[in-house]
Every structure is written in structure tokens, then in C-alpha cells.
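Engineer: can't give you the sequence, but here's the structure:
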């Protein structure tokens, strides 16, 4: 309730702080209800107008989605980015925008794809897993793949089907490898095996091994069948994974 009140106050402050000529044109209606006018303001050159419209649209929620979809599809870059921001924060009530957002995962602009990754994961948590796995496996840009891995981790046990791809990308090392190791630790005890394999591999990037160790340490419970091997690894190299148990 406090968050809603603060959002309402922020909307009011932003809206009233604008000169009358820059306020969203609502045709005499309350700015909270004229979705068409508010969506049009997402591409306004004035930041205050854009921010005010975004916050009001988030507050409107699901009823704003039909008006936002055309902008998601073919708005100018500023308006499209704002529309993605809005649907991301609306979350599951924006489910009708999911097909359009999913199409943006293939956009030629990597920045759009990153924003679409964030949006689809929040709009359709369970249904987004297969799409995020595809992004992680196929996208050409490391930043986009990293965002997909991070979101799969945030989805936790919903992302169990992503474990094989996360494990494969983890072994490639680098920042993406670290993020994948961290994500695996959030998907559940089924991910203990690939994390243990990384710890046992002397050729593996030390930073990935560090993240794998931390991921195992956060995993509760650790899969029972991995405990004997984990104990053996601890005895073999306490400095590497001793903090896991």
C-alpha cells in the first residue's frame, strides 16, 4: 500500500511540475484513463512528459496493454523502450503483450533484445523459460546472453529445463560463465552435478569455479547423490571448495 501511495504521489508531482503545454494531452479526461494519449506521450521529446506517462500507464496496468502493443511493434526507439519498461513493471497482468515482446527477442538491435529479455521473464515467468534458453544458446551478443542467463537464475526452480544450456555456457568461462554458475545455483539441487564437475576440472577458469563454489554453498538442500563426491573434493582441495559444506 505504501508503494502504491508513493507511486501516486510521484505521478502527481511529475504531472503537475510540467508546464500546461507539456502535460500529456488527455482531451479533457483524467490522465489516468486516456491510454491512447499516454501512449503517444511515450515518444515525447520532453523527459518529464515521458516519465509521467510511463508511471501512469504502469498504474493503469492490464487495461493499458492493447494500447501499448502497437508501440511495442513499431514505435520509434524512445517510445518502444518506454513501452517495454512499462510492460516489464506491469508484470504478469501484461500477458497479452507476451507474443509481441517475444518477437522482439529477434530484433536486430541488441539493446531491444536485452529489454525484451527482461520484459518476457517478468510478464510470463513460466512460459519464458524456453525462449530465454534459445536466447542463451543462439544470440550472437554476449550482453544479451548474459541477461538471459541472469533472468533464468532469477526464475529459480521454474528454469530447471535450462540447466543443460546453463551448464554448457558456464564451461566457456568469462563473465557469462560466472553468471551461468550463479544461475545454476538458484535452479535447485538438480544443478549440483554440473557445478561439481566444474570444481573438479583443473582446467576450468578459477572465477567460474569460485562462482560454482558459492552457488553450491547457497543451494539448499544439495542433491543427496552428490554429497559423497562433494566430501571427497573438499578433502582433496580444501582451499577451493571447503566453504561449501
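Structural biologist: Structure's in. What do you need? On a predicted model such as this, the values are computed, not experimentally measured, just so you know.
Engineer: pLDDT below threshold where in the protein?
Structural biologist: Regions of the chain meeting the criterion pLDDT under 70 cover residues 1-33, 75, 220-245.
Engineer: next, the buried residues of stretch 34-42.
Structural biologist: 34, 35, 37, 38, 39, 40, 41, 42 (16 or more other CB atoms under 10 Å). In short, each C-beta sits where N, CA and C put it, glycine included.
Engineer: same deal with stretch 187-206?
Structural biologist: 187-189, 191-196, 198-200, 204-205.
Engineer: ditto for stretch 81-93
Structural biologist: 81, 82, 83, 84, 85, 86, 87, 88, 89, 90, 91.
Engineer: go through these and say which is closest to residue 214.
Structural biologist: residue 88 (27.7 Å; CB to CB).
Engineer: okay, and the closest residue to that closest one other than its chain neighbours sits in which element?
Structural biologist: Using CB to CB, 6 or more residues apart in numbering and skipping the chain neighbours, the partner closest in space to residue 88 is residue 119 (4.4 Å). Using DSSP states H and E, residue 119 sits within helix 110-123.
Engineer: by contact count, what packs against that helix?
Structural biologist: If you count contacts as 3 or more CB pairs under 8 Å, 6 or more residues apart in numbering; DSSP states H and E, helix 110-123 packs onto helix 77-90, helix 98-103, helix 129-138, helix 142-155.
Engineer: if we can go back for a sec, need the buried residues of stretch 81-93 in a markdown table (columns: distance to residue 51).
Structural biologist: Formatted as a markdown table, these follow (distance: CB to CB, whole Å):
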| residue | distance to residue 51 |
| --- | --- |
| 81 | 12 |
| 82 | 9 |
| 83 | 14 |
| 84 | 15 |
| 85 | 10 |
| 86 | 11 |
| 87 | 16 |
| 88 | 15 |
| 89 | 13 |
| 90 | 16 |
| 91 | 19 |
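Engineer: which of those sit farthest apart?
Structural biologist: So, the buried residues of stretch 81-93 by CB to CB: farthest apart are 81 and 91, at 17.7 Å.
Engineer: circling back to that earlier point, ok, the residue nearest to residue 88 to residue 90 distance?
Structural biologist: 9 Å (CB to CB, to the nearest Å).
Engineer: over to residue 185?
Structural biologist: For residue 185, the distance to residue 90 - CB to CB - is 29 Å.
Engineer: one more: residue 213?
Structural biologist: For residue 213, the distance to residue 90 - CB to CB - is 38 Å.
Engineer: what does residue 134 give?
Structural biologist: 24 Å.
Engineer: then residue 52?
Structural biologist: On the measure of CB to CB, residue 52 and residue 90 end up 17 Å apart.
Engineer: repeat for residue 161
Structural biologist: 26 Å.
Engineer: before we move on, what about residue 147?
Structural biologist: Distance from residue 147 to residue 90, by CB to CB: 19 Å.
Engineer: how about residue 70?
Structural biologist: Taking CB to CB, one finds residue 70 at 16 Å from residue 90.
Engineer: for residue 205, which non-adjacent residue is closest in space?
Structural biologist: residue 173 (3.7 Å).
Engineer: got it, and residue 188?
Structural biologist: residue 157 (4.9 Å).
Engineer: ok, for the residue sitting nearest the centre point of the chain, nearest residue in space, not its chain neighbours?
Structural biologist: Closest to where the C-alpha atoms of the chain average out (CA atoms, centre = their mean) is residue 118, at 3.2 Å. Nearest non-adjacent residue to residue 118, counting by CB to CB, 6+ apart: residue 88, 5.4 Å away.
Engineer: do you know how far that neighbour is from residue 213?
Structural biologist: 32 Å.
Engineer: what do you get for residue 121?
Structural biologist: 26 Å.
Engineer: for these two, indicate the residue with more neighbours.
Structural biologist: Using other CB atoms under 10 Å as the criterion, residue 121 and residue 213 rank with residue 121 on top: 26 against 20.
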